[in-house]
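> Based on what follows, work out the 3D shape:
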Amino acid sequence: MEAGVHEGLSGAEVTELYKRYGYFLRRRCTLLTRDAQLAEDALQEAFVRVMKRGAPLRQMEQPLRWLHRVVDRCCLDQLRRGKRLRSADPIEDTQAVGVHPAVAIEMRDAVIGILRELDDGAQEIAVMAFLDGMTQGQIAEELGWSRITINKKVQAIRARAEKVLGGRS
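Next up, the predicted model:
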């Protein structure tokens, strides 16, 4: 391994990141997992990853976006592993966690509800499009995929979510 490629952060640096961004990242974990205990587990796992491989954060002007991706992966990993809700009271009131102005709360919640059913790539796209409100061009650039591919995947995710929304009536 090349020196410094996967260098981590010091305890003090991680503590500072947690003080600055922990609240926002916990909210994101809570929204994605809909479970307080799973949210805490995902947040803890994310900060362990940051401690081990977070050196790139030192040069970033806006580390929150990178931290969001780490937290998203930890939450999505738990969903892929099939973790079930463990709390006595799963979090249902996701309206308390703000929504991006470009995304309707109902659509966001329906997409979050189907995350477990999506493949890995679709999960990432769903979070970026329906939680973060990123444009298809931004998602394509972030993931290194074509805009046409992103468009098709977003439309497929939207169609699945609309079926969920249609079933609520």
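
> Tell me which helix or strand comes right after the lengthiest helix in the chain.
Counting by DSSP state H, the longest helix found in the chain is helix 11-33. Taking DSSP states H and E as the definition, the helix or strand that follows helix 11-33 towards the C-terminus is helix 36-53.

> and that following helix, what other elements does it pack with?
If contacts are counted by 3 or more CB pairs under 8 Å, 6 or more residues apart in numbering; DSSP states H and E, helix 36-53 sits against helix 11-33, helix 63-80. Backbone N, C-alpha and C define where each C-beta goes, glycine included.

> Quick check: the residue nearest the centre of the chain vs Q78, distance?
Of all residues in the chain, the one closest to the mean position by CA atoms, centre = their mean is D72, 2.7 Å from it. Remark: distance between D72 and Q78 (CB to CB, to the nearest Å) = 11 Å.

> next one: K52
With distances taken as CB to CB, K52 is found 18 Å from Q78.

> Between the two, tell me which one has more neighbours.
Neighbours around K52 and Q78, counted as other CB atoms under 10 Å, are more numerous at Q78. The numbers are 21 against 13.

> Now do the contacts for that one.
The contact partners of Q78, taken as CB atoms under 8 Å, 6 or more residues apart in numbering, are T33, L38, D41, A42.

> what's the distance between the strand or helix carrying V164 and the middle of its chain?
Element membership for V164, per DSSP H and E: helix 147-167. The chain centroid and the centroid of helix 147-167 are separated by 18 Å under CA atoms, centre = their mean, to the nearest Å.

> Run through who's touching it.
Residues from elsewhere that reach helix 147-167, judged by CB under 8 Å, 6+ apart: 106-107, 110-111, 113-114, 117-118, 121-122, 125-126, 129-130, 136-137, 139-140, 143.

> Buried ones among those residues?
The neighbour-count test (16 or more other CB atoms under 10 Å) applied to the contacts of helix 147-167 identifies 107, 110-111, 114, 118, 122, 125-126, 129-130, 136, 139-140 as buried.

> could you dump those residues to TSV with distance to R28 and pLDDT?
As requested, the buried ones among the contacts of helix 147-167 are arranged in TSV below (distance: CB to CB, whole Å; pLDDT from 0 to 100):
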residue	distance to R28	pLDDT
M107	17	90
A110	18	93
V111	14	93
I114	18	93
L118	18	92
A122	19	94
I125	16	95
A126	14	94
A129	15	92
F130	13	92
Q136	21	93
I139	17	93
A140	22	93
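
> Take those and keep only those in helices.
Among the buried ones among the contacts of helix 147-167, the ones falling in helices (DSSP H) are M107, A110, V111, I114, A122, I125, A126, A129, F130, Q136, I139, A140.
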